[in-house]
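*Asks:* sequence and predicted model, in that order:
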Amino acid sequence: MNVSSEAAAVQTLRWVDGRLELIDQRRLPHEIVYVSCRTAAETAAAIRDMVVRGAPAIGCAAAFGIALEAAAGGNLNTAHAALAASRPTAVNLFWALQRMREAMDAGHPALQEALAIYDEDIAINRAMGGFGAALIADGARIMTHCNAGALATAGHGTALGVIRSARDAGKRISVVANETRPYLQGARLTAWEMVQEKIPVTLVTDNMAGHLMQQGKIDVIVVGADRVAANGDAANKIGTYTLAVLAARHKIPFYIAAPVSTFDLAIPDGSHIPIEERHADEVTGHGGNRWAAHGVEVFNPAFDVTPAELITALITERGIINAPDTARVAQIIGY
Ligand code: MRU
């Protein structure tokens, strides 16, 4: 399959003939293949196994998982439990499950609600992109981490949505994508999205970020989030906190783009965010190629928490939260 010519038609998730189809992100950028889900259990497995990943995309997939189960007349409590257990950190998953439960309790068809969540996600990302683009100067060299792009959402992306919107506004931007060890979302997914869109992108390994900042080669950092606490502390892909510390040292603006569905106002600060720990294989090697000694201890946390004081602003679809703290977050999100 010719990846470039297919790119315009690529959708992260799609509803086809009563099934949920998910682009298999484990196989990008090498091939475009869709995985079909017919039940909530299959959808939960696809989330757990990283067929689909990225906070808003996980939420959308879970909503369709409930719609599949409802259509099949299955046990919705079991479906909710399986989906809720698929991954722990991205709060969008739990937000979507709660929204589906409330909609169905109110008598709304499950599929209609899942499709609404999907459509709204794209509109939200475009709104966020508009607010975020205003923060990006013409000629800006933008560093990003992990993949917060179209692949992590229903479309357009959060952090990459800001970048896309800046480009669409005529700004001559360029992107530095950190490869994002150990799962390589930056190298495999963000670099691919940017190449498809012809947005200039340079791939670097994570440990090059400080050097680039010190050399004056980064003007701004924009990343996504998996869960933002009431005080603005934000969990995102492991390595994000390191970037925020470096950005403060080098006086580089550090922005997090996150929709309202990524905020968890039930927790006062980031210390309450559950951090997923993933398999040792991701650290000891890649793609079946092992490089670390057998018997070595491995620690593989998938996310870290950036304290609000290191975040220049949170970019949401309701507007910008500058220098976030509990009061400023509540002003924009708390209604
Ligand atoms: O483990 P992943 O690939 O699901 O982690 C994704 C991220 O950390 C993204 O940056 C985050 O979900 C924001 S996506 C719009």
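*Replies:* Thanks, I have the structure now.
*Asks:* list the contacts for the residue of the stretch 101-250 of the chain found nearest the ligand?
*Replies:* Among the residues of the stretch 101-250 of the chain, Gly224 lies closest to the ligand, at 2.7 Å counting by CB to the nearest ligand atom. For every residue, glycine as well, the C-beta is placed using N, CA and C. For Gly224, the contacting residues are 54-55, 146, 148, 152, 157-159, 236, 256-258, by CB atoms under 8 Å, 6 or more residues apart in numbering.
*Asks:* what residues does the stretch 101-250 of the chain have near the ligand?
*Replies:* Residues of the stretch 101-250 of the chain lying close to the ligand (CB under 6 Å from any ligand atom) are 146, 148, 152-153, 158, 185, 224-226, 236-237.
*Asks:* buried subset of those as a ChimeraX selection?
*Replies:* Restricted to buried positions by 16 or more other CB atoms under 10 Å, the ChimeraX selection for these reads:
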select :146,148,152,153,158,185,224,225,226,236,237
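*Asks:* which members of the residues of the stretch 101-250 of the chain next to the ligand occur in helices, if any?
*Replies:* Gln185 (DSSP state H).
*Asks:* ok, so of the residues of the stretch 101-250 of the chain next to the ligand, who is nearest Gly73?
*Replies:* Thr153 (30.2 Å; CB to CB).
*Asks:* ok, now which ones touch the closest residue to that closest one other than its chain neighbours?
*Replies:* Excluding the flanking residues, the one nearest Thr153 by CB to CB, 6 or more residues apart in numbering is Pro56, at 4.2 Å. Pro56 sits next to 92, 121, 125, 152-154, 158, 259, 261-262 when contact means CB under 8 Å, 6+ apart.
*Asks:* for the residue lying closest to the residue of the stretch 101-250 of the chain closest to the ligand once chain neighbours are set aside, what are its contacts?
*Replies:* Distance criterion CB to CB, 6+ apart; nearest residue to Gly224, sequence neighbours excluded, is Ala148 at 2.8 Å. Applying CB under 8 Å, 6+ apart, we find Ala148 in contact with 54, 157-161, 223-224, 257.
*Asks:* same check on Val91?
*Replies:* Applying CB under 8 Å, 6+ apart, the residues near Val91 are 55, 226-227, 261-264.
*Asks:* so of those residues, which ones are in helices?
*Replies:* Those of these lying in helices (DSSP H): Ala55.
*Asks:* top of the contacts of Val91 by neighbour count?
*Replies:* Ranked by neighbour count (other CB atoms under 10 Å), these have Asp226 at the top, with 32 neighbours.
*Asks:* measure how buried the residue nearest to it when sequence neighbours are not counted is and give me the count.
*Replies:* Ranked by CB to CB, 6+ apart and with sequence neighbours excluded, the top spatial neighbour of Asp226 is Ala90, at 4.2 Å. Neighbour count for Ala90, taken as other CB under 10 Å: 30.
*Asks:* and if you look at Gly285?
*Replies:* 13.
*Asks:* quick check: Gly155 touching Glu120?
*Replies:* No: between Gly155 and Glu120 there is no contact under CB atoms under 8 Å: 11.2 Å.
*Asks:* residue contacts, Val33?
*Replies:* Contact analysis of Val33 by CB under 8 Å, 6+ apart lists 23-24, 27.
*Asks:* so where do the helices sit in this protein?
*Replies:* Assigned by DSSP H, the chain shows helices spanning 3-7, 40-48, 55-71, 76-84, 91-105, 110-133, 159-168, 185, 191-197, 209-214, 240-249, 281-284, 326-333.
*Asks:* and Tyr335, what pLDDT?
*Replies:* Tyr335 carries a pLDDT value of 71.
*Asks:* and for Met1?
*Replies:* 32.
*Asks:* now do Ala9
*Replies:* On the pLDDT scale, Ala9 gets 54.
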